[in-house]
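Colleague: From the sequence below, what's the structure:
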Amino acid sequence: MAAPALERPTATSGTQTVTIAKALNMGLRAALERDPKVLVMGEDVGKLGGVFRITDGLQKDFGEHRVLDTPLAESGIIGTAVGLAIRGYRPVCEIQFDGFIFPGFDQIVSQLAKLHFRSQGRVKMPVVVRVPFGGGIGAVEHHSESPESFFAHIGGLKVVSCSNPVDAYWMLQQAIDCDDPVLFFEPKRRYYEKARLDPTTPPIPLFSSRVVRPGSAVTVAAYGPMVRTCLDAATAAAEDGRELEVIDLRTLSPLDLDPVYESVRRTGRLVLVSEAPSEASITSEIATRVQQDCFYSLEAPVLRVTGFDTPYPPSKLEEDYLPDLDRVLDAVDRSLAY
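Modeller: Numbering: from 1, shown residues only. Take a look at the predicted model:
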C-alpha cells in the first residue's frame with residue numbers, strides 16, 4: 001500500500017526557527033496525521049518522548065496504539081516492524097543509540113533488506129529505522145558510534161543522513177513515504193542546532209546530494225554531523241582567500257555523486273570528511289568512484305579526514321578522535337600543496 005503523497009502545509013503554518021530535534025518531531029507528527037498506517041515504536045518513545053525527546057508529545061496526541069513503547073529488544077523491534085509492514089503498516093522504529101543497533105542487525109540484513117526481493121516484488125517493506133549516530137556528546141562507545149557503512153553495503157536498504165533542521169523535517173517524511181526500508185541516521189550532536197524552516201517550501205528529492213556552499217579552490221564533501229564542521233572550515237578558509245565548495249551528501253545508499261563529480265571537475269581537488277573509521281567506509285567508496293570518473297580532472301589525490309580505525313575512545317579523548325576544523329583545514333592545505 002503506497003502512502004499518500006506529501007502535502008505541503010498551507011502558508012498559515014509560517015516560517016519558524018527550529019532545532020533538528022524539533023524538526024524531526026514535526027516531521028513525525030505530519031506523517032502520523034497524514035497516514036493512519038504510520039506507527040512509531042521504540043524504547044521509551046511514548047510516555048518519555050525518547051531519550052532525546054524527539055517523540056515528545058506524540059503518544060499523548062495519537063495514542064498508545066500508534067506510538068508504542070517497546071521492550072529493550074532491538075531484534076524484537078525490527079522483527080515486529082517487518083510483520084507490521086507485511087500487513088500494510090508503515091512503522092518508524094527508533095534505535096535509542098547507534099551502538100544498540102547490532103542486536104537488530106540480523107533482522108535488518110536478513111529480513112528487512114530481503115523480503116521485497118524474496119517475494120519477487122509482491123511484499124513491500126516501508127520501514128524507517130531512525131538511528132541517532134556519531135560522537136561529540138561526552139558518552140561512551142555504544143552511544144557514540146558511526147555504523148552507517150555496514151548498512152550502505154547491504155542491497156535492499158536505503159541509507160540517508162540529515163544535517164540540518166530543514167532536511168530533518170522533509171527527509172524523515174520522504175523516508176516514511178518510501179516503499180523501501182530506509183536507515184535514517186540523525187546527527188545527535190547537532191540535535192539542538194537551529195535554522196529557519198518554511199514548511200511551505202517544497203523539498204528536494206530524498207536520494208540526492210547538494211552543494212551547500214559554493215567555492216572554487218577545493219571540494220569538501222561530508223554528511224550528517226560533519227557538514228557543520230566543513231562549513232565552519234570553509235568560513236575560516238575564506239578569511240585566507242580560499243573558497244571551499246561544501247557538499248552535503250545526504251544520501252549514502254544510493255550515493256548521488258553527480259554534484260561531487262561536477263564540483264571536482266572544476267576544483268581538481270576533493271577532501272572527504274566523516275566521523276566513521278576510514279577502513280572500508282563510505283569515504284573509501286566515494287574516493288574510488290571519483291578517481292574512476294574524474295581521474296583526468298584531479299590535481300591532487302583524494303584526501304580523507306575521518307575517525308580512526310579503533311573502537312570509539314573514552315569521552316575524555318573523543319575530541320582527539322573526532323575530525324575537527326583544524327584537521328579539515330590541514331587536509332585542504334595538503335591538497336593545495338600538490
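Colleague: I'd guessed residue 189 sits against residue 132; true?
Modeller: No - Residue 189 is not in contact with residue 132 according to C-beta atoms under 8 Å; the separation is 9.3 Å. To be clear about C-beta, it is placed using only N, CA and C from the backbone, and glycine gets the same treatment.
Colleague: neighbour-wise, which of those two wins?
Modeller: Comparing residue 189 with residue 132 by neighbour count (other C-beta atoms under 10 Å), the higher total belongs to residue 132, at 25 against 20.
Colleague: Quick one: list the elements packing against the helix or strand that contains that one.
Modeller: Counting by DSSP states H and E, the element that carries residue 132 is strand 128-133. For strand 128-133, the elements it packs on are strand 90-94, helix 165-177, strand 182-187, judged by 3 or more C-beta pairs under 8 Å, 6 or more residues apart in numbering; DSSP states H and E.
Colleague: and after the shortest one, which helix or strand comes next?
Modeller: The reference is to strand 90-94. Next along the chain after strand 90-94, taking DSSP H and E as the criterion, comes helix 105-106.
Colleague: Tell me the first helix or strand C-terminal of that following helix.
Modeller: helix 115-118.
Colleague: Show me where the stretch 151-300 of the chain has its helices.
Modeller: Defined through DSSP state H, counting those that start in this stretch, the helices belonging to the stretch 151-300 of the chain, from first to last, are 165-177, 226-238, 258-267, 282-293.
Colleague: May I see the buried residues of the shortest one?
Modeller: Across helix 258-267, burial judged by 16 or more other C-beta atoms under 10 Å covers 259-260, 263-264, 267.
Colleague: what's the closest of the residues you listed to residue 88?
Modeller: residue 259 (36.1 Å; C-beta to C-beta).
Colleague: Look up how far residue 270 lies from the closest one.
Modeller: Here residue 259 is placed at a distance of 12 Å from residue 270 (C-beta to C-beta, to the nearest Å).
Colleague: related to what we said a few turns ago, using TSV, please lay out the buried residues of helix 258-267 together with distance to residue 86 and pLDDT.
Modeller: Shown next, in TSV, are those (distance: C-beta to C-beta, whole Å; pLDDT from 0 to 100):
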residue	distance to residue 86	pLDDT
259	37	98
260	37	98
263	42	98
264	43	98
267	47	98
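Colleague: looking at the helices of the stretch 151-300 of the chain, which is closest to residue 91?
Modeller: Of all those, it is helix 165-177 that lies closest to residue 91, at 9.3 Å by C-beta to C-beta.
Colleague: C-alpha coordinates for that closest one, CSV please?
Modeller: Below are the C-alpha coordinates for helix 165-177, written out as CSV (Å, rounded to 0.1, in the frame of the first residue of the first chain):
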residue,chain,number,x,y,z
PRO,A,165,16.5,21.2,10.5
VAL,A,166,15.1,21.7,7.1
ASP,A,167,16.4,18.4,5.8
ALA,A,168,15.4,16.7,9.1
TYR,A,169,11.8,17.8,8.6
TRP,A,170,11.4,16.8,5.0
MET,A,171,13.8,13.8,4.7
LEU,A,172,12.1,12.0,7.5
GLN,A,173,8.7,12.4,5.9
GLN,A,174,10.1,11.3,2.5
ALA,A,175,11.7,8.3,4.1
ILE,A,176,8.4,7.3,5.7
ASP,A,177,6.7,7.6,2.3
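Colleague: tell me which strands and helices that helix is in contact with?
Modeller: Packing contacts for helix 165-177, counted by 3+ C-beta pairs under 8 Å, 6+ apart, involve strand 16-19, helix 20-34, strand 128-133, strand 158-161, strand 182-187, strand 194-197.
Colleague: How far does the fourth one sit from its chain's centre?
Modeller: It stands for strand 158-161. Averaging C-alpha positions (C-alpha atoms, centre = their mean, to the nearest Å) puts strand 158-161 5 Å from its chain's average.
Colleague: Please parse this structure into its domains.
Modeller: Listed domain ranges for the chain are 14-197, 210-337 (source: automatic domain parsing).
Colleague: I'd like those domains as a markdown table, with distance to residue 203 appended.
Modeller: Listed next are the domains of the chain as a markdown table, based on distance: least, C-beta to C-beta, whole Å:
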| stretch | distance to residue 203 |
| --- | --- |
| domain 14-197 | 4 |
| domain 210-337 | 11 |
